[in-house]
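# make a model of this:
(4 chains)
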There are 4 protein chains.
Amino acid sequence: MPSTTGPMLETYPKSINLDRAKLAATVDALNDCAQACTACADACLSEDMVAELTKCIRTNLDCADICATTARVLSRHTGYDATISRTLLEACATACRSCGDECAAHADKHEHCRICAEACRACEQRCRDLLATIS
Amino acid sequence: MPSTTGPMLETYPKSINLDRAKLAATVDALNDCAQACTACADACLSEDMVAELTKCIRTNLDCADICATTARVLSRHTGYDATISRTLLEACATACRSCGDECAAHADKHEHCRICAEACRACEQRCRDLLATIS
Amino acid sequence: MPSTTGPMLETYPKSINLDRAKLAATVDALNDCAQACTACADACLSEDMVAELTKCIRTNLDCADICATTARVLSRHTGYDATISRTLLEACATACRSCGDECAAHADKHEHCRICAEACRACEQRCRDLLATIS
Amino acid sequence: MPSTTGPMLETYPKSINLDRAKLAATVDALNDCAQACTACADACLSEDMVAELTKCIRTNLDCADICATTARVLSRHTGYDATISRTLLEACATACRSCGDECAAHADKHEHCRICAEACRACEQRCRDLLATIS
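Alright, predicted model coming up:
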């Protein structure tokens, strides 16, 4: 199922200060990362060695919440305020970096951590690319 | 970008009481609908005729929140409780029906409402299909 | 710090179909329960016996998400739709019951579970009381 | 109803790197601000002059999402990562400043904007006070 993020962006009735294709790709990466982190936290919770994964679960929960909120803020263009987008993208890239590092440390033992680490890396990159375009 | 919902579901280490393919399709539809509703609310807010779209904006906000929460609950399988999934899916299908109807009423004037109505219809159908498999 | 929920409700410029005092009390209970569940999930995650608390953590996460979303939906009155409020309150009462039961089972060992169980019970009661007034 | 944030914090089984009283006050301010912003957005949507309040509604929605997420992140202490807390608090203080300014501009006409502006100012101050203690 192709994402409706791009088509919806095209229908926004006023001007948008950011590149629409780059914006859509970032929002899709944020939603994908949020979903991967929510699923990874739950998969970790069902591993027999859950006691070794508690930091991973916590970072997953933070990253899921922050990515979901960032996707929402970036999906709003009415009364745009660059300072909110910029500081939130910085926090989100930080969370993705932290969660990507933590999941990567368990990637050889848990496939869900490997996939989730990739989603975090991709999302962090999208956030930093978009940040570079916000003056 | 293909969604990681399905691949992540495959890595869950214990058994899941629901059909994994059906579950992944529902979660993807929920995330897509949540995203469409968030974008539609903001696009409505930027229309010159915003005063005629206030009920649409409100229903979009409700539907976005409920779909996002339902996607999260359906992405957790540890300590599964069918009664939570069932009642939440019923609330979610209700919200999608309501938002789909409201957006459809504006679909001829606003392309964002037309796309959002489609996302709501598709999501409602996925929720009802999954509900039918939960005893 | 007294909650601003009640004072904000008083400023809503149009009519509201529900009892404002009952509504404010329900929203406060929902926000309190969401906060308790988020904190309880994290406290469980830091217990040495985390492996015995995985179902509790999962139910806490569900209950936090559902209560937070229900508080938001009940805080919107523009274009009110009783069917959304009713089905969502039913799902929320179900989640509070489930989480209250699960936390109560650990209440003698973990004080965070005891406090959280109380917040869930109080919230479930508020949801059911409000439900009884929605025709 | 007194908040359970403080009592729950007291039950956390491991050490916390921040002052617990200051932390509880910040989380309460964040939840209160999130609630005020959600209610203010809806009250604005029901004003006859909604067309003049669209930027206020948008900023309310952003501030509600960011405060809710920040409250969650600050309520987790397992595997604490100061860089996530710090950057998110900065984004949150920015959003509260922006929303407080916008609501203050409408405070003489709309009581919900006046109350919401106060909640935003109080929350911004709590975020900055806590930030000052995070090295």
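# give me the most central residue, chain A.
The C-alpha lying nearest the average C-alpha coordinate of chain A belongs to A:L30 (CA atoms, centre = their mean; 3.1 Å).
# buried ones in whichever helix or strand it is part of?
In this structure, A:L30 sits in helix A:20-45 according to DSSP states H and E. For helix A:20-45, the neighbour count (16 or more other CB atoms under 10 Å in any protein chain shown) marks A:23-45 as buried. C-beta coordinates here come from the backbone N, C-alpha and C atoms, glycine included.
# helices or strands up against that helix?
Of the remaining helices and strands, those touching helix A:20-45 by 3 or more CB pairs under 8 Å, 6 or more residues apart in numbering or on different chains; DSSP states H and E are helix A:5-10, helix A:54-74, helix A:82-104, helix A:111-131, helix B:5-10, helix B:20-45, helix B:54-74, helix C:54-74.
# check which helices and strands the fifth one sits against.
In other words, helix B:5-10. By 3+ CB pairs under 8 Å, 6+ apart, helix B:5-10 packs against helix A:20-45, helix A:111-131, helix B:20-45.
# check which helix or strand the residue lying farthest from the centre of chain A maps to.
Within chain A, the residue lying farthest from the chain centre (CA atoms, centre = their mean) is A:D48, at 27.4 Å. Assigned by DSSP H and E, A:D48 belongs to no helix or strand.
# and the gap between it and chain C?
A:D48 sits 8 Å away from chain C, taking CB to the nearest CB, to the nearest Å as the criterion.
# list phi and psi for that residue.
A:D48 has phi and psi values of phi -60, psi -30 when expressed as degrees, to the nearest 10.
# and it, how far from C:C44?
17 Å (CB to CB, to the nearest Å).
# neighbours of A:R86, how many?
16 (other CB atoms under 10 Å in any protein chain shown).
# so who does it touch?
Each residue near A:R86 by CB atoms under 8 Å, 6 or more residues apart in numbering or on different chains is listed here: A:131, A:134.
# what pLDDT does the model give it?
pLDDT for A:R86: 98.
# state the distance from it to D:A91.
9 Å.
# how about the residues of chain A near chain D?
By CB under 8 Å from any CB of the partner chain, the part of chain A that sits against chain D consists of A:54-59, A:61-62, A:65-66, A:68-69, A:72-73, A:76, A:78-79, A:81, A:83-84, A:87-88, A:90-91, A:94-95, A:98, A:102.
# PyMOL command for the buried members of the residues you listed?
Buried residues among the residues of chain A next to chain D (16+ other CB under 10 Å), as a PyMOL selection:
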select buried, chain A and resi 54+55+56+57+58+59+61+62+65+66+68+69+72+73+76+78+79+81+84+87+88+90+91+94+95+98+102
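# which residues does the residue farthest from the centre of chain A contact?
Counting by CB under 8 Å, 6+ apart, A:D48 touches C:A51.
# A:T54 versus that one, what's the distance?
Distance of A:D48 to A:T54, computed by CB to CB: 14 Å.
# who touches both of these two?
When CB under 8 Å, 6+ apart defines a contact, no residue borders A:D48 and A:T54 alike.
# low-confidence regions, chain A specifically.
Residues of chain A meeting the criterion pLDDT under 70: A:1.
# got the residues of it near chain C?
A:41-42, A:45-46, A:48, A:50-51, A:54, A:57-58, A:61.
# nearest to A:A132, out of those residues: which one, please.
Ranked by distance to A:A132 (CB to CB), the residues of chain A next to chain C are led by A:L61 at 28.2 Å.
# which residues touch the closest one?
A:37, A:41, C:41, C:61, D:72, D:76.
# mind checking how far the fifth one is from D:N31?
According to CB to CB, D:R72 stands 10 Å off from D:N31.
# ok, now how distant is A:R114 from chain C?
Between A:R114 and chain C the distance is 21 Å, computed by CB to the nearest CB.
# and A:H106, by the same measure?
According to CB to the nearest CB, A:H106 stands 16 Å off from chain C.
# element containing that residue, please.
Per DSSP H and E, there is no helix or strand for A:H106.
# count of neighbours near the residue nearest to it when sequence neighbours are not counted?
Spatial nearest neighbour of A:H106, chain neighbours left out: A:C113 (4.0 Å); criterion: CB to CB, 6 or more residues apart in numbering or on different chains. A:C113 sits with 26 neighbouring residues when counted by other CB under 10 Å.
# residue contacts, A:S75?
Counting by CB under 8 Å, 6+ apart, A:S75 touches A:5, A:27, B:35, B:38-39, B:42.
# where does it fall, phi/psi-wise?
Per degrees, to the nearest 10, the backbone of A:S75 is at phi -90, psi 0.
# I'd like the distance between it and A:I84.
For A:S75, the distance to A:I84 - CB to CB - is 13 Å.
# ditto for A:T54
Taking CB to CB, one finds A:T54 at 32 Å from A:I84.
# same thing with A:D19?
Computed with CB to CB, the distance linking A:D19 and A:I84 is 18 Å.
# does A:G79 touch D:N60 like I think?
No. Using CB atoms under 8 Å, A:G79 is not in contact with D:N60; the gap is 10.3 Å.
# how many other residues sit next to A:D108?
The number of residues near A:D108, taken as other CB under 10 Å, comes to 9.
# residues contacting it?
Counting by CB under 8 Å, 6+ apart, A:D108 touches A:R114.
# for it, helix, strand, or coil?
Under DSSP: H, G, I helix; E, B strand; the rest coil, the three-state class of A:D108 is coil.
# before we move on, back to that, show me the contacts for the residue nearest to A:H106.
Residues counted as contacts of A:C113 (CB under 8 Å, 6+ apart) are A:40, A:44, A:56, A:103-107.
# next one: A:V27
By CB under 8 Å, 6+ apart, the residues touching A:V27 are A:5, A:71, A:74-75, B:35.
# ok, which pair from those is furthest apart?
Distances among these were taken as CB to CB; the most separated pair is A:L74 and B:Q35, at 10.7 Å.
# out of the contacts of A:S75, who's nearest A:K14?
Distance to A:K14 across these (CB to CB) is lowest for B:D42, with 10.1 Å.
# quick check: closest non-adjacent residue to the closest one.
A:R76 (4.4 Å).
# gap between the two ends of stretch A:13-24?
One end of stretch A:13-24 sits 16 Å from the other (CA to CA, to the nearest Å).
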